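Novice: Just the structure for this:
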Amino acid sequence: MSSQGTSLAGQRDGAGGDHSAETLPQGASHWDHIPTELRSAILRADTSLLSRFTSGELTANELLWLTDSEREEMWSDALSTDWSGDFSTLILPSVRRGMPDIRSRAVLGKGKLWLFPVKVGRAVLRNGWHDLRSSVAQTALAAAAAMEGDVQLLAQLVETLQTVPVSLHLAVAAATANQVEAFVWIASRLPADTSTHKLLKTAAARQGSPVGHIGHRSVAFIVRAAVEAGAVAILDYLDEEFPDLFRLQGPHVFLSVTSLESLKWLHAHGLIVVPRTNLNTVLAQGNASSAAWIYETFGMQPTADDLEAACQYENPAAFLWILARTGPTIIFMHLNNIVWTQRLTCIDAVMRHSTELMHETAEMICAFQTQELLDWVHSRYPAAITQRTLETSVRSSKLTHAQYLLENVRHVEWDFEAARAVAQPGFEDRFAALFDEHVQRRAALAAGAE
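Specialist: Prediction:
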């Protein structure tokens with residue numbers, strides 16, 4: 001730690017001139033004079049959440065405060081490394097579509113991985129761990145083979161061993177993974193779809209199509225899955241095999257698409273007619289790149305409603321993208337709602353956006369929220385706590401908040417006269433007593449240290 005501290009101190013000294021050499025004791029650095037809580041925050045910036053959890057700096061209780069994106073980050077680190085910890089202690093994100101692939105053999109068989117049998121199967125196939133194939137459920141292995149485009153293994157499971165029946169779900173697995181060859185192999189073996197769907201009367205598959213027999217209801221189901229996954233190679237194939245399919249389904253079918261690849265494909269085929277509806281879904285899913293493309297392609301500008309939508313679903317990527325392009329009036333207009341509803345992802349994003357917003361948010365939390373949330377702010381953004389924060393707690397008559405600040409914040413030299421001046425009628429004496437007690441305690445501690 002000393003070498004890292006020296007390096008950080010050296011960077012700060014370099015930015016501020018060489019006056020420090022004259023004011024610091026020999027062998028010391030500015031790093032040694034930074035309060036412990038600020039030092040911890042600086043070092044945390046370059047330390048992964050998983051590392052902090054493994055070292056004990058991040059407690060199991062604090063995991064409950066993590067956002068979905070932070071939980072995904074921890075899982076990504078754990079799955080891609082030979083992490084020796086207990087996977088059952090990690091909290092799964094509420095939406096698991098972004099869960100990373102398993103790249104380390106050492107993590108297989110650990111807690112909670114049974115929730116991802118297809119991911120386990122894909123890892124076994126992708127990494128050539130053939131000795132582990134027998135430990136994977138046959139249906140999961142078949143789905144993994146479809147997603148990896150392993151037609152040979154599919155043939156073995158479906159036709160030779162006959163342990164897995166061919167199914168629409170297998171076709172969807174191949175389609176969402178953009179595996180055209182595997183998709184055609186599976187779809188050509190599906191039983192005929194005898195549905196009386198209205199499209200059967202008006203749209204026909206290309207003559208001699210290997211997948212034409214499965215019918216449009218099944219194809220429509222596959223199309224939606226492929227569109228959601230951004231599997232444009234599959235979309236191209238289906239568009240060729242079923243020339244009228246997309247036109248007859250109508251643009252309303254694609255209003256919930258969020259994949260950037262699919263949005264571009266649909267736009268090129270004239271199938272996006274209500275970009276605002278697509279944008280609302282994109283913001284709900286937190287897809288910043290797709291949101292940016294919609295704004296640019298259709299000449300739209302971020303609005304207060306867009307910021308609210310991104311905040312409501314707590315998606316940091318889209319929220320930050322809009323935040324960077326939104327005026328301060330809109331931000332401040334929604335700041336109260338963000339704090340009041342405890343949208344932690346959005347609070348985190350706002351506090352990283354600017355120093356002014358960081359301080360404003362801390363003050364609002366001090367005025368309107370619980371001590372637990374104030375503690376969350378202090379542990380993550382100690383610099384957010386200033387004299388104004390204390391004055392806010394006094395002005396809001398939050399005695400417990402003021403006491404928390406006095407007991408836990410060390411980097412602020414409190415101006416108690418200024419704080420007393422904003423106390424509400426009837427609370428002056430209570431805050432004066434609290435401040436006097438704090439001063440006496442600090443004096444006693446200083447005397448003891450001497």
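Novice: Just give me how far stretch 424-431 sits from the chain centre.
Specialist: A distance of 43 Å separates the centroid of the chain from that of stretch 424-431, by Cα atoms, centre = their mean, to the nearest Å.
Novice: got the contact list for it?
Specialist: Under the criterion Cβ atoms under 8 Å, 6 or more residues apart in numbering, residues 394-395, 397, 399, 402, 419-420, 423 lie in contact with stretch 424-431. Bear in mind the C-beta positions are built from the backbone N, C-alpha and C, glycine included.
Novice: hmm, try it at 10 Å
Specialist: Identification of contacts with stretch 424-431 by Cβ atoms under 10 Å, 6 or more residues apart in numbering yields 390, 393-399, 402-403, 416, 419-423.
Novice: Restricted to strands, list the residues you listed.
Specialist: Among the contacts of stretch 424-431, none falls in strands (DSSP state E).
Novice: Which two among those are spaced furthest apart?
Specialist: Greatest spatial distance among the contacts of stretch 424-431 (Cβ to Cβ): 403 and 421, at 18.7 Å.
Novice: Among those two, which residue is more densely surrounded?
Specialist: Between residue 403 and residue 421, counting by other Cβ atoms under 10 Å, residue 403 is the more crowded of the two (16 against 12).
Novice: Nearest residue to that one in space, please, no chain neighbours.
Specialist: Excluding its sequence neighbours, the residue lying closest to residue 403 (Cβ to Cβ, 6 or more residues apart in numbering) is residue 434, at 6.1 Å.
Novice: May I see the buried residues of the host helix or strand of that neighbour?
Specialist: For residue 434, the host element (DSSP states H and E) is helix 428-449. Buried residues in helix 428-449, counted by 16 or more other Cβ atoms under 10 Å: 431, 434-435, 438.
Novice: Tell me how many other residues crowd the residue nearest to residue 324 when sequence neighbours are not counted.
Specialist: The spatially closest residue to residue 324, leaving aside those adjacent along the chain, is residue 353, at 7.6 Å (Cβ to Cβ, 6+ apart). Neighbour count of residue 353, defined by other Cβ under 10 Å: 17.
Novice: likewise the one 3 residues further on?
Specialist: Here the count is done by other Cβ under 10 Å, and residue 356 has 11 residues near it.
Novice: three-state assignment of it?
Specialist: helix (DSSP: H, G, I helix; E, B strand; the rest coil).
Novice: Pull up the gap between it and residue 319, please.
Specialist: Distance of residue 356 to residue 319, computed by Cβ to Cβ, to the nearest Å: 18 Å.
Novice: Show me where the stretch 51-200 of the chain dips below the pLDDT cut-off.
Specialist: Residue ranges of the stretch 51-200 of the chain with pLDDT under 70: 95-99, 109, 111-112, 114, 193-200.
Novice: in it, which spans are helices?
Specialist: Per DSSP state H, counting those that start in this stretch, the stretch 51-200 of the chain carries helices over the ranges 60-63, 68-80, 117-126, 138-148, 151-155, 168-176, 180-187, 199-202.
Novice: Could you export the ones you listed as TSV, including mean neighbour count?
Specialist: Formatted as TSV, the helices of the stretch 51-200 of the chain follow (neighbours: other Cβ atoms under 10 Å):
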stretch	mean neighbour count
helix 60-63	12
helix 68-80	19
helix 117-126	21
helix 138-148	23
helix 151-155	16
helix 168-176	24
helix 180-187	22
helix 199-202	13
